[in-house]
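*Asks:* Please find the sequence and the predicted model below.
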Amino acid sequence: MVAAITQVLQAQRERSSGTLSRLRRMVGWVLEEAYGPGAVEVPPVTTFNRLVHALADGHRLLGSAAQQRRRTSRPAPPFTPTVALRPGELVMLDSTSLDVLVVLADGVTGSVELSIALDVATRSICAAVVRPVGTRSVDAAVLLAQMVTPLRMRPGWETALAMSRSVIPYERLVSLDARLEGAAARPVIMPETVVVDQGAVFVSGSFIAACESLGVSVQPAPPANGPAKGHVERTFRAIGDRFSQYVAGYSGSDVTRRGTRVEDEACWTLAQVQDLLDEWLVTDWQHRPHASLRHPLAPKLALSPNEMWGALVGVTGYVPVPLSADHYIELMPMKRVAINEYGIRFDYRTYDHKVLNPHRGDRSGAPDGRWEVHHNPYDPHQIWVRLPTGWEEVPWIHRGCVSLPFTDFTWQHIRAAVERRGDRVEHERQLAQALDRLLQRASNGAGTRREQTVAAHASAAASLARPAVPHAMPDPVAAPTLSHGLVGAFTPLEDEDQRGEAGFEDGWDEDDDLPNPSDTDGPGRGEQPDSFVHLPRPSRIYDAHQEAAQW
């Protein structure tokens, strides 16, 4: 009987949870198969249940399917603590759902994800990025850029949040890095090694290439090994306890804790939630003593992340790493494509410019003969091609046909909705026209709910890409906030880094072929297509040169 119960319990580890009555019947079937009907009698229900608990409780064989998964994913002890002795030696990156609903645009609410970079030595959250659900490799690369870039003081922030007013050795550091002047009290740390999980975002070729461009090593954590990233997992729980549940639109950590009308409570936009989080990190997290941070000369004294960074930076030193425009282009996702007579085509979009003329139909020096292209999924209006002369920007030939900002997520929606009725040149023209009509309908409130949601994602991306300007404070009773004078509405300005929209992963397009001089399905050399209409160009959202020049 004991052997039969143990056999059934072991077989149920990966199956859906069941009741003890099902277990009792299955044990009876095993006994009948092994010894024949009636040879071994199954004990009464009460006795059988006591026997099952006696066998299973000590070995963690009972419980729900979720509990079983947590138990099996936990590696066998003993555990070796993760130790980092200097800032940047070990930085953990991870993403999770932020338990807050935000207003994307026009009253459309949605969930968001939070990605953070946690420095193990100082427990500093060096970067935090809030995005609609579906973090992409470009969002992970933005974390690297934020880590090495000082956080600017925002309008309305208290002067006590400035680095010059904190325990950080500001006078010594600003003499080495002029960018720190006017910065908030958040450490600027250049990572040496980043620890990531097995998620597709962090092990993608685009993210690894972005790390290599900055000289950062990538260390994937073992699969199904929570303790390998225990520091960042515990930090996520602290953010939920000390930040998320105080923000209007809090949705609870799971569905059992969610209110009935959470959507009606949501009042913050994506950019506002990002601003609230940045202020909370500087106000609370970086100044709160951490039990695991101890000063080398005063081990009984618990330090805050800012105090620990101030103590360690005096020993390890500080080297500023200003990012150039080329660095910001390198952080974008990469593709390897051909330069044909009609330009560069991928994902049913064609990019062309006269700078490509000397290289049309040529193979690059790479073994595959393709050219390196970087693109921003949140601003598909242009791409950057690495030519022998350096990076060159190449525009989308139909960018003048689309009057409102859009993202790769919006484009994928149009691709799925528009049926191909002609050749690929005509199909691309129809896609651009359908995209413009969708954005116009959604902006006027005339589109379907799905169209309004897609357009709201693009609008949220644009709003997060630009600096915020105070306009009006919402009702503090209806919209509680942790902010010190934070604004309730924002007016977008022009020309900033595009951030914030989730989309699909790009795949190889059927048109990603090697150069073919005989291919005449497209405009000639250096020739503009008939569909290129010179309409007012929407203001560029991402400009790598301005991104680098702002410091």
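*Replies:* Everything's here; your move. Residues are numbered from 1 along each chain as shown.

*Asks:* going forward, measure contacts between C-alpha atoms and count neighbours the same way
*Replies:* Fine.

*Asks:* Give me the contacts around stretch 209-229.
*Replies:* 73-75, 92, 141, 144, 191-198, 203, 208, 233, 327, 330-332 (CA atoms under 8 Å, 6 or more residues apart in numbering).

*Asks:* try 6 Å this time
*Replies:* Applying CA atoms under 6 Å, 6 or more residues apart in numbering, the external contacts of stretch 209-229 come out as Ser73, Glu192, Thr193, Val194, Val195, Val196, Asp197, Leu331.

*Asks:* and these, which are buried?
*Replies:* Neighbour-count burial (16 or more other CA atoms under 10 Å) applied to the contacts of stretch 209-229 gives Glu192, Thr193, Val194, Val195, Val196, Asp197, Leu331.

*Asks:* Among the residues you listed, which ones are in strands?
*Replies:* Secondary structure from DSSP state E places Thr193, Val194, Val195, Val196 of those in strands.

*Asks:* surely the second one meets Asp94?
*Replies:* No. At 10.1 Å, Val194 and Asp94 do not qualify as touching, with contact defined as CA atoms under 6 Å.

*Asks:* how is the protein carved up into domains?
*Replies:* For the chain, the structural domains run 2-73, 91-321, 328-465+500-534, going by automatic domain parsing.

*Asks:* could you give me the average pLDDT of the strand or helix carrying Gln219?
*Replies:* Using DSSP states H and E, Gln219 maps to strand 217-220. Across strand 217-220, pLDDT averages out at 90.

*Asks:* Now that strand: buried residues?
*Replies:* Within strand 217-220, the residues that count as buried by 16+ other CA under 10 Å are Val218, Pro220.

*Asks:* partners of it in the sheet?
*Replies:* Pairing partners of strand 217-220, with direction, according to DSSP bridges: strand 193-196 (parallel).

*Asks:* Return the backbone torsion pair for Gly422.
*Replies:* Backbone torsions for Gly422, taken as degrees, to the nearest 10, come to phi -140, psi -160.

*Asks:* Lys300 now?
*Replies:* phi -90, psi -10.

*Asks:* show me the contacts for it.
*Replies:* Lys300 makes contact with no residue, according to CA under 6 Å, 6+ apart.

*Asks:* Now for the buried ones among the contacts of stretch 209-229: which two are most distant?
*Replies:* Greatest spatial distance in those: Asp197 and Leu331, 19.5 Å, computed using CA to CA.

*Asks:* did I read that right, Trp309 in a helix?
*Replies:* Yes. Counting by DSSP: H, G, I helix; E, B strand; the rest coil, Trp309 is found in a helix.

*Asks:* Just give the nearest non-adjacent residue to it, would you?
*Replies:* Nearest residue to Trp309 in three dimensions, chain neighbours excluded: Thr122, at 5.7 Å (CA to CA, 6 or more residues apart in numbering).

*Asks:* Nearest to Val133, out of the ones in strands among the buried ones among the contacts of stretch 209-229: which one, please.
*Replies:* Distances from Val133 to those, taken by CA to CA, are shortest for Val196, at 18.7 Å.

*Asks:* Lowest mean pLDDT among the helices and strands of this structure, which one is it?
*Replies:* Ranking every helix and strand in the chain by mean pLDDT, DSSP states H and E puts helix 65-73 at the bottom, with a mean of 57.

*Asks:* immediately after that one, which helix or strand?
*Replies:* Sequence-wise, the next helix or strand downstream of helix 65-73 (DSSP H and E) is strand 91-105.

*Asks:* Tell me the gap between that next one and the middle of its chain.
*Replies:* Its chain's C-alpha centre and that of strand 91-105 lie 8 Å apart, by CA atoms, centre = their mean, to the nearest Å.

*Asks:* What are the buried residues along that strand?
*Replies:* Neighbour-count burial for strand 91-105, with 16+ other CA under 10 Å as criterion, is recorded at 91-95, 97-105.

*Asks:* ok so, going back, would you mind giving the ones in strands among the buried ones among the contacts of stretch 209-229 as TSV with distance to Arg420 and pLDDT added?
*Replies:* Listed next are these as TSV, based on distance: CA to CA, whole Å; pLDDT from 0 to 100:
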residue	distance to Arg420	pLDDT
Thr193	46	93
Val194	44	93
Val195	43	91
Val196	40	90
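
*Asks:* Turn those residues into a markdown table, including distance to Ala434.
*Replies:* Shown next, in a markdown table, are these (distance: CA to CA, whole Å):
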| residue | distance to Ala434 |
| --- | --- |
| Thr193 | 45 |
| Val194 | 42 |
| Val195 | 42 |
| Val196 | 39 |
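
*Asks:* low-confidence ranges in this protein?
*Replies:* Residues of the chain meeting the criterion pLDDT under 70: 14, 58-61, 63-79, 105-107, 134-135, 224, 226, 445-447, 449-452, 454-551.

*Asks:* List the buried residues of whatever helix or strand Arg234 lives in.
*Replies:* Using DSSP H and E, Arg234 maps to helix 230-242. Across helix 230-242, burial judged by 16+ other CA under 10 Å covers His231, Val232, Glu233, Thr235, Phe236, Ile239, Gly240.

*Asks:* Wait, Lys335 touches His375, no?
*Replies:* No. With contact defined as CA under 6 Å, Lys335 and His375 do not form a contacting pair (8.0 Å).

*Asks:* how much space between Glu372 and Ala366?
*Replies:* 9 Å (CA to CA, to the nearest Å).

*Asks:* what's the answer for Gly199, then?
*Replies:* Using CA to CA, one gets 29 Å for the distance from Gly199 to Ala366.

*Asks:* for Pro223, same thing?
*Replies:* Per CA to CA, Pro223 is found 33 Å from Ala366.

*Asks:* same deal with Val282?
*Replies:* Separation of Val282 from Ala366 (CA to CA): 45 Å.

*Asks:* Compare these two (neighbour count), which wins?
*Replies:* Ranked by neighbour count (other CA atoms under 10 Å), Val282 and Ala366 place Val282 first, with 23 against 10.

*Asks:* quick one: that one is in a helix?
*Replies:* Yes. Under three-state DSSP, Val282 falls within a helix.

*Asks:* Any idea how many residues pack against the residue nearest to His327 when sequence neighbours are not counted?
*Replies:* Spatial nearest neighbour of His327, chain neighbours left out: Ser213 (7.4 Å); criterion: CA to CA, 6+ apart. Ser213 has 13 neighbours, counted by other CA under 10 Å.

*Asks:* now swap in Thr407 and tell me
*Replies:* Neighbour count of Thr407, defined by other CA under 10 Å: 25.
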